[in-house]
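# predicted model and sequence follow; I will ask about them next.
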Amino acid sequence: MAPVTPARPFWLRPKWVVGHVLVVVLVVAFVSLGLWQLRRLDERQARNAEIAARSQIAPVDVTELAPAGSQPGDVEDLEYRQVVATGSYDPGGEVLIRPRSLDGVSGWHVVTPLVLDDGRAVLVTRGFAPLAEDPAVARAAAAPPEGEVTVTGLAFPTQVRQGIGPADPAEGTLPELARVDIARIDQQYPGEVLPFYVQLLDQDPPLDPRGLPQRLPLPATDEGPHLAYAVQWFLFAGVGAIGWPVLLRRTAEEVRRSGGGTGGGNPGGGVDVGRPSPDGPRDPVGAGHS
């Protein structure tokens, strides 16, 4: 009589091995996503701390932050600094930034050069204008004041394209742009443009709160949903890391109860045909019966 080959444990069968691999991959992916959200949280907290620290610094004249000959790379660490600029708006160099929204309304950000005493210009994001079929209508409704004005605002570096975001044509004079691209605006503006732009907070003479453009809100300083997202990803990872072993244990118990021994039987129950019975060999069907 040939020796009986021990049956392979159920958890080493191909479909179960595929399950092991899939669970491991998912758990690793969920943990990685949770850690990524925690890194995003750290970045958000650092950004908020930077905003809070720089908001305590007294406003400084833009010409002190950008001496003659300054390049965009020289002012990266000036983000969120409070600045003051005095000059006259040049509506001829104004551009609209698309698409933007405020309180659920689509529209434009209105960016106007403010010509300083030294002849250079600083780009000022004056606010938001609701979308109109003809951009000229938005420009007219949000026309800048004439004469000398003093602007107080926050300094920001040039905006750059993110991922597959919209791109602006490299040539020509563009009245509308996808972002505050200082180099692109400087290319079409006749004067020299400072290597950062200013988001307007206040202005003298004062803004009309009922007029256009609407003042933009301050940058958000909340921590966002990153912590909640991280907890969710870790919970998903925990479900896989704990739930799969529990499933394996219960399946093994069912196999043992069904007489499958180490798993030679079907996971759902039943004894394999041909497996020796603990009560002795079985008679073939009809054997010993007349």
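That came through fine.
# what's the neighbour count on G191?
For G191, the neighbour count with other CB atoms under 10 Å is 13. Backbone N, C-alpha and C define where each C-beta goes, glycine included.
# wait, doesn't it sit right on V122?
No. G191 lies out of contact with V122 (CB atoms under 8 Å); the separation is 10.7 Å.
# what's the overlap in contacts for these two?
P113 (CB atoms under 8 Å, 6 or more residues apart in numbering).
# grab the nearest non-local neighbour of the residue positioned nearest the centre of the chain.
Centroid-nearest residue in the chain, with CA atoms, centre = their mean: R40, separated by 8.5 Å. Leaving aside its sequence neighbours, R40 sits nearest to H226 (CB to CB, 6 or more residues apart in numbering; 4.5 Å).
# count of residues packed around that neighbour?
Neighbour tally, H226, other CB under 10 Å: 18.
# if we can go back for a sec, tell me which other helices or strands the host helix or strand of the residue nearest to the centre of the chain touches.
Using DSSP states H and E, the element containing R40 is helix 14-55. On a contact count with 3 or more CB pairs under 8 Å, 6 or more residues apart in numbering; DSSP states H and E, helix 14-55 meets helix 226-257.
# just checking, A136 is part of a helix?
Yes. According to DSSP: H, G, I helix; E, B strand; the rest coil, A136 belongs to a helix.
# contacts only, for it.
A136 touches nothing, counting by CB under 8 Å, 6+ apart.
# gap between it and V122?
For A136, the distance to V122 (CB to CB, to the nearest Å) stands at 24 Å.
# quick one: low-confidence parts of the stretch 51-200 of the chain?
Residues of the stretch 51-200 of the chain meeting the criterion pLDDT under 70: 68-76.
# for it, what spans make up the helices?
62-65, 135-141, 182-188 (DSSP state H, counting those that start in this stretch).
# the residue nearest to R40 is in contact with L41, isn't it?
Yes. H226 lies in contact with L41 (CB under 8 Å); the separation is 3.9 Å.
# picking that back up, now the helices of the stretch 51-200 of the chain in CSV, with distance to Q199?
Converted to CSV, the helices of the stretch 51-200 of the chain look like this (distance: least, CB to CB, whole Å):
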stretch, distance to Q199
helix 62-65, 13
helix 135-141, 18
helix 182-188, 13
